[in-house]
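> quick one, structure for this:
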Amino acid sequence: MNIPEGKKIYFASDNHLGAPTAEASRPREQKFVAWLDAIKHDAAAIFLVGDLIDFWFEYKTVVPKGFTRTLGKLAEITDSGIPVYFFVGNHDLWMNGYFQEELNIPVYHNPKEFTFNGKTFFIGHGDGLGPYDKGYKGMKKVFTNPVFKWLFKWLHPDIGIKIAQYLSVKNKLISGDEDAKFLGEDKEWLVQFSKEKLNEKHYDYFVFGHRHLPLEIQLNENSKYVNLGDWINYYTYGVFDGENMELKKL
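From the prediction side, this is the model:
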C-alpha cells in the first residue's frame, strides 16, 4: 500500500468495550468514537489490533448487545472508502463473519505482514506469541476448538454471555493489576518474539497490543517494537505518516 500525501495509518488496540460493565465503559466508548471521527479526514487506513470488545461471540443469528456507537462509526468509515482492518484478540476471538458482512472489515486471526511506503510491518494482537504464556496457549486451543464453540453456542445468550463477562473482568489487565508493568526487555516476551523474527526476516516495525502498555523499543538500528497500550488507562494509539511510526496519546 502506498500512502497518499497528507494521509496516515492509525492503529489502536485493547478498548475492552463492555468491561467491567456497559455503563462504566460508555465514557471510554464515547472517547474512542470521537477519536475515529477526528482521524477519518486524514486516515489512509485504520488497524484495530484486538480486544476492541471485552467479550464477543457470534451465534448464527445473534451478536452481543451494545457497542452501537462504535459499530455505526466503523460502518460510516468503511462506507466512505477508508479501509479498516481487524485483528482478533483473546477477548474477541470468536468472530464468525459479522464484521466482514455488515461492516466490510476483514478479520485476521493470526499476525500478518503489511508493507506501507516500502516499510514492512508485522501486525497482530500478540497473545500466545513468544516463548512464554504457555498456560494461555493451552487455554486458547480449547477456546478455538470447534467442539467447544459448538457446545458454548447451545447456552442461551443471556447465560453464556453473562458467564463469559464474569470471567473476562477477572482478567488482571482489566482490573488494573500491577502485573501490567514494564518488565525489562529481557522479560518482555513480545520483544523477545520480535527479536527472534528478525533472525528470519527484516521488519521495520512490529505492532502489537495485548500488554496494555504503551511501549516503543528499538530492536536494532532499523527495527522497532511498538505496543499500542490501551483505552482503559492510557488512551494511546499509533500513527504512521508514511515515513515514521510513533505512539500518541489523546
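
> pull stretch 193-206 out as PDB, backbone CA atoms only.
This file holds the C-alpha atoms of stretch 193-206, laid out as PDB (Å, rounded to 0.1, in the frame of the first residue of the first chain):
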ATOM      1  CA  PHE A 193       9.500 -12.800  19.900                       C
ATOM      2  CA  SER A 194      10.200  -9.800  17.700                       C
ATOM      3  CA  LYS A 195      13.900 -10.300  18.000                       C
ATOM      4  CA  GLU A 196      13.600 -13.900  17.000                       C
ATOM      5  CA  LYS A 197      11.600 -13.000  14.000                       C
ATOM      6  CA  LEU A 198      14.300 -10.600  12.900                       C
ATOM      7  CA  ASN A 199      16.600 -13.600  12.600                       C
ATOM      8  CA  GLU A 200      14.300 -14.900   9.800                       C
ATOM      9  CA  LYS A 201      13.400 -11.600   8.000                       C
ATOM     10  CA  HIS A 202      13.700  -7.900   8.400                       C
ATOM     11  CA  TYR A 203      10.800  -5.900   9.600                       C
ATOM     12  CA  ASP A 204      10.800  -2.200  10.100                       C
ATOM     13  CA  TYR A 205       8.000  -2.300  12.700                       C
ATOM     14  CA  PHE A 206       6.400  -4.900  15.000                       C
END
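
> contacts for that stretch?
Residues outside stretch 193-206 that contact it (C-beta atoms under 8 Å, 6 or more residues apart in numbering): 113, 119-122, 129-131, 190, 219-220, 222-226, 240, 245. (Each C-beta comes from the backbone N, C-alpha and C, glycine too.)

> helix or strand: which one has Glu196?
Here Glu196 sits within helix 189-198, counting by DSSP states H and E.

> on that earlier part again, in helices, which of the contacts of stretch 193-206 appear?
Secondary structure from DSSP state H places Leu190 of these in helices.

> for the helix or strand following the helix holding Glu196, buried residues please.
Per DSSP H and E, the first helix or strand lying C-terminal to helix 189-198 is strand 205-208. Of the residues in strand 205-208, those buried by neighbour count under the rule 16 or more other C-beta atoms under 10 Å are Tyr205, Phe206, Val207, Phe208.

> for stretch 202-221, same thing?
For stretch 202-221, by 16+ other C-beta under 10 Å, it's 203-215, 217, 219.

> what is the mean pLDDT for that stretch?
Summarised as a single mean, pLDDT over stretch 202-221 is 96.

> I am finished for the moment; much appreciated.
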